[in-house]
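J.: Predicted model and sequence below, questions to follow.
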Amino acid sequence: MPQLPNAVLWSIPAFVLLTVIEVVSFRIHPDDDQVGYTGKDTTTSIGMGLGSLVFDALWKIPIAAIYLGVYELTPLRIPLHWWTVVAMLLAQDFFYYWSHREHHVIRLLWACHVVHHSSQNFNLSTALRQPWTTWTVWPFYLPMIACGVSPAAVAFCSSVNLVYQFWVHTERVGRLWRPLEFVLNTPSHHRVHHASQGGYLDRNFGGILIVWDRMFGSFVPETDRPVYGLTTNIGTFNPLRVATHEYAALGRDIAAADRWRDRAGYVLRGPGWQPEHRRTADAAPPAPAGARPAATTPAGGTAVAEAPAGAEAV
């Protein structure tokens, strides 16, 4: 098994340096149209990043065992040369696109990924706001393992992808040269991805390349100024709540459902999904004066549905 570096760990000094430079740039040249940094938000993002290093180390144990098992079963082997590494990076970025996209449209996966979108600021520290439950990501890279890419090479490519994405979390960089904007994920494209308004929702999923979004119809250029965060913001800086709030909301919805079909819908459909009977109840006109109060659900709440915290954000 080849020994390849973890690009994330090697890049931590650069992360710190670039973040300090960005903070200083806001002090020297403030911009009323840019959110910049706030103490509690930045502290939470850094705390989430440090926590993710610990939890990722734990998740890697069973994931590595699965990857190694699949790697041993496949007769294929892809050697490490400069050109095969380039091909591996391209393949990993392709599967990252689909992993990222599915983490926006399947609520169980969104419960993991919502952490990264929970900040209403957009700066380099936001890139550090990583989830603690990344056990939902590994299945998307099994095709690479089955094709003979070693687990170590997949891990290396994933770390390179993550390092690249650090710099796109900034408002201090405008649009780049048009050919670069056409091919690469840039700060302009990623600002759209983190926005919470209308036409920007669930767009621009690319990691290193934006061409996947252009190919598969999920690309939107930056036009209006983005509003960052979730469609329903969580209003907390507690790292434990940031890490788990959508799992808790999902659990409440599952407990309140009275049909297995609805429970499966809450888990496997989009973050804002509601059963038909709840959507119908929400759309019903208000009862006339003197009407009986609304019926209650099995959980004791009113039958009026509310979108879960953090639903439908990008």
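T.: Structure's in. What do you need? Values in this document were obtained by computation on a predicted structure and should not be read as measured data.
J.: Report how many residues lie close to residue 57.
T.: Residues near residue 57, counting by other C-beta atoms under 10 Å, number 9. Glycine gets a C-beta too; all of them are placed from N, C-alpha and C.
J.: Kindly report the same for the one 3 residues further on.
T.: When neighbours are counted by other C-beta under 10 Å, residue 60 registers 16.
J.: Need the pLDDT of it.
T.: On pLDDT, residue 60 comes in at 91.
J.: For residue 102, see how far away it is.
T.: 21 Å (C-beta to C-beta, to the nearest Å).
J.: Same check on residue 239?
T.: With C-beta to C-beta as the criterion, residue 239 and residue 102 are 25 Å apart.
J.: Could you do residue 219 as well?
T.: 17 Å.
J.: what stretches of the stretch 1-150 of the chain score poorly on pLDDT?
T.: 1-2 (pLDDT under 70).
J.: swap in the stretch 151-300 of the chain?
T.: Filtered on pLDDT under 70, the stretch 151-300 of the chain yields the residue ranges 281-300.
J.: how about the residue nearest to the spatial centre of the chain, what does it touch?
T.: For the chain, the residue nearest the mean C-alpha position is residue 113 (3.7 Å; C-alpha atoms, centre = their mean). Contact partners of residue 113, counting by C-beta atoms under 8 Å, 6 or more residues apart in numbering, are 100, 103-104, 131, 136.
J.: Next, the buried residues of the helix or strand where it lies.
T.: Using DSSP states H and E, residue 113 falls within helix 107-113. Neighbour-count burial for helix 107-113, counted by 16 or more other C-beta atoms under 10 Å, picks out 107-113.
J.: Reformat those residues as JSON lines; add distance to residue 21.
T.: As requested, these are arranged in JSON lines below (distance: C-beta to C-beta, whole Å):
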{"residue": "107", "distance to residue 21": "38"}
{"residue": "108", "distance to residue 21": "38"}
{"residue": "109", "distance to residue 21": "34"}
{"residue": "110", "distance to residue 21": "33"}
{"residue": "111", "distance to residue 21": "34"}
{"residue": "112", "distance to residue 21": "30"}
{"residue": "113", "distance to residue 21": "28"}
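J.: now, which of the residues you listed sits nearest residue 249?
T.: Taking C-beta to C-beta as the measure, residue 249 lies nearest residue 111 of the buried residues of helix 107-113, at 8.0 Å.
J.: what's the distance between the closest one and residue 95?
T.: 21 Å.
J.: which non-adjacent residue is nearest residue 200?
T.: Of all residues not flanking residue 200 in the chain, residue 192 sits nearest, at 5.0 Å (C-beta to C-beta, 6 or more residues apart in numbering).
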